[in-house]
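Novice: Sequence first, predicted model second:
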Amino acid sequence: MQSFRTEIENPVVEKDILDLEKKIRLFREGKADEEKFRSLRLARGVYGQRQAGVQMVRIKLPFGKVTSEQLHRIADVSDEYSKGRLHITTRQDIQIHHVSLDRTPELWAQLEKDDITLREACGNTVRNVTASPTAGIDKNEPFDVSPYAHGTFQFFLRNPICQEMGRKFKISFSSSDDDTALSYIHDLGFIAKLKDGKRGFKVMLGGGLGSQPRHADELYDFLPAEELLPLIEGVLRVFDRHGERAKRLKARMKFLIKDIGKDAFMELVSEQSTALSKNHPEFEVEKFEVAPPLQEVEVPSVEIEDQKDFETWKSTNVIPQKQEGLFAIGIRVPLGDFYTGGARKLADLVKEYAGNEIRLSLRQDILIRHVREEFLAFFYSELKKLGYAETGYNKTVDITACPGTDTCNLGIASSTGIADVLEDVLKEEYPQFINGKDITIKISGCMNACGQHNMAEIGFQGMSVKVGKTVAPALQVLLGGGTLGNGKGRFADKVIKVPSKRGPQALRLLLNDFEAKANSEEKFAEYYDRQGKTYFYDLLKDLADTSNLTENEFVDWGHEKPYIKAVGVGECAGVVIDLIATLLFESEEKIDNAKSAQERKAWADSIYHSYTSIVNSAKALLLAEDLKTNTQAGIIAQFDELFVDTGKIELSTSFKEFAYQMNEQEPTEAFANKYLEDAQLFLKRVDAFRTKEVQNV
């Protein structure tokens, strides 16, 4: 593997990319531990996929905003380093699959030329900050949340407090009480509010999906906007310190809050107030406040061949903006997959005839913004040529599905295959439901809920079912979920498991029953509540009988060969196996990071790097004693008990007081210098102790 020139102007970004290239080289040479290397590449958006020898690269696109220039750059990169397919995720990212690991630094360097990053798109970090795709154009919004989502993304990117947490952390911003960014399923969810003319947010804390979904708690009904970043920083510091690290399935913040309670959690947050950064940036409100200047171009002449289809498209895919005379156009992207040829033409369209911006949606779609009314017919005509004018944007036919067994290591059954089939069922047999809003259909290939199946009115989760000595692909049917608005939502009930090939029939039974028996104006979730879970179990139970499976039912959707359950090691959590020598080496790296932060006069960053070095060094000695180290707080307590109280390591105070100095001190230059010296001396002391122990073995 050869080194390359990044040609990146930003020295911080350049160092990041060169560091990835260096670590890949060391890994190839057998000089870097595989598990530690995995953690590093995940935090740089490089994720192992189901197929051996290639990676999925996740591009981090804050609140789904993409300019024409950026979309061109992403398309070029996909053609050069992959196969020309782009996949939109439910977190408003774009993923590129089948990328060689050795070429990922080059790919990243190319993206950065148009200010696009991979940093912290995966791993135990603050993931992409999501927001309502209509933020800034929504007639019902109190104000545009885009600058707050953007400011949050910028402040926590590369921030030392959230680089190596126990698990990932998700943040969303909803533009109105419709809660289209789904605040109730996030670690921190924010809903725009005005109070006495002042901007702020309703705050939701500790939500999540996965195998054990948890509805977020309401933390504040109104938090002033200027307190946004201090709150997030305090929460992240506590999660980093007290969050579970050994048991992956219990490591999300929702479990920490469940264990200690919201009040106790917030007491810990309040203890961080002195140590918080003092340089929280101003939000760039004016930058997002008005629609961008539009090109003065003539309206191209077009002839609409199917006027009825055009009118339907306008009714389902076109949204009036709060800016007078402007409209947004929704593009339904089945399964979130589109290709570079169409992407480039779309990029040219929005640059010349709209606001030079698209937003990716949480339903894996595209929203073009700032289109003048007189250009709607032209856009319809051009989008139709590209296959981008299918009706039903954000409606029932707009099925959400994760990649499932196509590329994901954790996929149990095909989610994309069944999604394709269910869409065909809706189009061919239930046109009356295609453009409905009250039923959403979401599909995940496993329990991790990347397809958000457990918050849909009708959800399907990929599973398997044992039939004698063989295994068949199956779907768990979940019913009754949905978003209620203003931070409220409901999770679907697990009703029954059926073989995958019977998924279409399950949908038919559900829709037929709803159409025949629901009251006028009754929504599906309301109908589900009225009939009850047992009613729907009885409705579908015949489909669950596996005594009569045909040969075809042992083959999953989109496959030709009989089903084999093959689940690999998932990397979303960045599972890490720590080695003592590696930990001590990382402590040195963290000290170097603290020095670099001091050069930038980023005193709070330097202090936190020193803190993580201290904890890392302590963890190394505990690991040498084969002690479990589930949390940073646990590391600190155990180190006192085993090494300080026994006199094995001499300190002038307890280790707890030594490590937590930063809680009592303002993040000043003087304290940053002192704490860095403390971290360096502590590492030397630990290293000397470890060397002596090894020599005496």
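Specialist: Here it is on my side, so go on.

Novice: Remind me which helix or strand Thr104 belongs to.
Specialist: With the criterion set as DSSP states H and E, the secondary-structure element containing Thr104 is helix 104-112.

Novice: Show me what that helix is packed up against.
Specialist: Contacts of helix 104-112 with other secondary structure elements, assessed using 3 or more CB pairs under 8 Å, 6 or more residues apart in numbering; DSSP states H and E, are made with helix 11-28, strand 55-59, helix 68-81. Glycine gets a C-beta too; all of them are placed from N, C-alpha and C.

Novice: Which positions in the last one come out as buried?
Specialist: In this case it means helix 68-81. Ser68, Gln70, Leu71, His72, Arg73, Ile74, Ala75, Asp76, Val77, Ser78, Tyr81 (16 or more other CB atoms under 10 Å).

Novice: before we move on, the earlier item: let me know which of the helices and strands packed on helix 104-112 is the nearest to Ile649.
Specialist: Shortest distance between Ile649 and the helices and strands packed on helix 104-112, using CB to CB, is found for helix 11-28: 30.7 Å.

Novice: Which element is encountered next along the chain beyond that closest one?
Specialist: Next along the chain after helix 11-28, taking DSSP H and E as the criterion, comes helix 34-42.

Novice: and that following helix, what does it pack onto?
Specialist: Helix 34-42 makes packing contacts with helix 11-28 when contacts are defined by 3+ CB pairs under 8 Å, 6+ apart.

Novice: quick one on the thing from earlier: let me have the buried residues of helix 68-81 in CSV, adding distance to Pro667 as columns.
Specialist: Formatted as CSV, the buried residues of helix 68-81 follow (distance: CB to CB, whole Å):
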residue, distance to Pro667
Ser68, 40
Gln70, 34
Leu71, 39
His72, 41
Arg73, 37
Ile74, 37
Ala75, 42
Asp76, 41
Val77, 38
Ser78, 42
Tyr81, 40
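
Novice: Which strands and helices lie in contact with the longest helix anywhere in the chain?
Specialist: Secondary structure assigned by DSSP state H gives helix 669-696 as the longest helix of the chain. Contacts of helix 669-696 with other secondary structure elements, assessed using 3+ CB pairs under 8 Å, 6+ apart, are made with helix 580-599, helix 603-624, helix 661-664.

Novice: Can you pull the poorly scored residue ranges out of the stretch 451-600 of the chain?
Specialist: Filtered on pLDDT under 70, the stretch 451-600 of the chain yields the residue ranges 564-579.

Novice: Would you state the helices of it in chain order?
Specialist: Assigned by DSSP state H, counting those that start in this stretch, the helices in the stretch 451-600 of the chain fall at 503-517, 524-531, 533-540, 580-599.

Novice: What are the contacting residues of the first one?
Specialist: Helix 503-517 is contacted from outside by 418, 421-422, 425, 429-430, 432-433, 441, 458, 460, 475, 477, 479, 498, 524, 527, 531, 536, 539-540, 543, 557, using CB atoms under 8 Å, 6 or more residues apart in numbering.

Novice: now those: which count as buried?
Specialist: The neighbour count (16+ other CB under 10 Å) marks 418, 421-422, 425, 430, 433, 441, 458, 460, 475, 477, 479, 498, 524, 527, 531, 536, 539-540, 543, 557 as buried among these.

Novice: Okay, and which of those map to strands?
Specialist: Taking DSSP state E, the ones among the buried ones among the contacts of helix 503-517 that sit in strands are Ile441, Ile458, Phe460, Leu475, Val477, Leu479, Val498.

Novice: now these as TSV including distance to Pro230?
Specialist: Conversion of these to TSV gives the following (distance: CB to CB, whole Å):
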residue	distance to Pro230
Ile441	40
Ile458	41
Phe460	41
Leu475	44
Val477	44
Leu479	41
Val498	49
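
Novice: quick one on the thing from earlier: so which of the helices of the stretch 451-600 of the chain comes closest to Ala389?
Specialist: Nearest to Ala389 among the helices of the stretch 451-600 of the chain is helix 503-517; the distance by CB to CB comes to 25.2 Å.

Novice: in that closest one, what's buried?
Specialist: By neighbour count, and taking 16+ other CB under 10 Å as the criterion, the buried residues in helix 503-517 are Gly503, Pro504, Ala506, Leu507, Leu509, Leu510, Leu511, Asp513, Phe514.

Novice: Once you drop chain neighbours, what's closest to Asp144?
Specialist: Counting by CB to CB, 6 or more residues apart in numbering, the nearest residue to Asp144 once its immediate chain neighbours are dropped is Gly136, at 4.0 Å.

Novice: Oh, that last question was meant for Ile458, not what I typed.
Specialist: Ile441 (4.9 Å).

Novice: Check the gap between that neighbour and Gly136 for me.
Specialist: Look at Ile441 and Gly136: by CB to CB, to the nearest Å, they are 28 Å apart.

Novice: what does Leu118 give?
Specialist: Relative to Gly136, Leu118 is positioned 26 Å away (criterion: CB to CB).

Novice: and what of Phe63?
Specialist: From Phe63 over to Gly136 (counting by CB to CB), the distance is 10 Å.

Novice: Now the common contact residues for those two.
Specialist: Shared contacts of Phe63 and Gly136 (CB under 8 Å, 6+ apart): Ser146.

Novice: And for the closest residue to Ile649 other than its chain neighbours, the neighbour number?
Specialist: Using CB to CB, 6+ apart and skipping the chain neighbours, the partner closest in space to Ile649 is Phe643 (4.3 Å). As a burial measure, the neighbour count of Phe643 was computed by other CB atoms under 10 Å and equals 20.

Novice: Check Val13 too.
Specialist: Val13: 18 surrounding residues under other CB under 10 Å.

Novice: before we move on, what about Gly532?
Specialist: Neighbours of Gly532 under the rule other CB under 10 Å: 12.

Novice: quick one, what contacts Lys395?
Specialist: Shown here is Lys395, whose contacts under the criterion CB under 8 Å, 6+ apart are Thr316, Ile434, Asn435, Gly436, Lys437.

Novice: can you dump the C-alpha coordinates of whichever helix or strand Phe288 is part of into PDB?
Specialist: Under the criterion DSSP H and E, the helix or strand holding Phe288 is helix 285-289. Below are the C-alpha coordinates for helix 285-289, written out as PDB (Å, rounded to 0.1, in the frame of the first residue of the first chain):
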ATOM      1  CA  VAL A 285     -29.200  31.800  11.900                       C
ATOM      2  CA  GLU A 286     -29.100  34.500   9.100                       C
ATOM      3  CA  LYS A 287     -27.300  32.000   6.800                       C
ATOM      4  CA  PHE A 288     -30.400  29.800   6.800                       C
ATOM      5  CA  GLU A 289     -33.200  32.400   7.300                       C
END
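
Novice: helices or strands up against it?
Specialist: In this structure, helix 285-289 makes packing contacts with helix 146-156, judged by 3+ CB pairs under 8 Å, 6+ apart.
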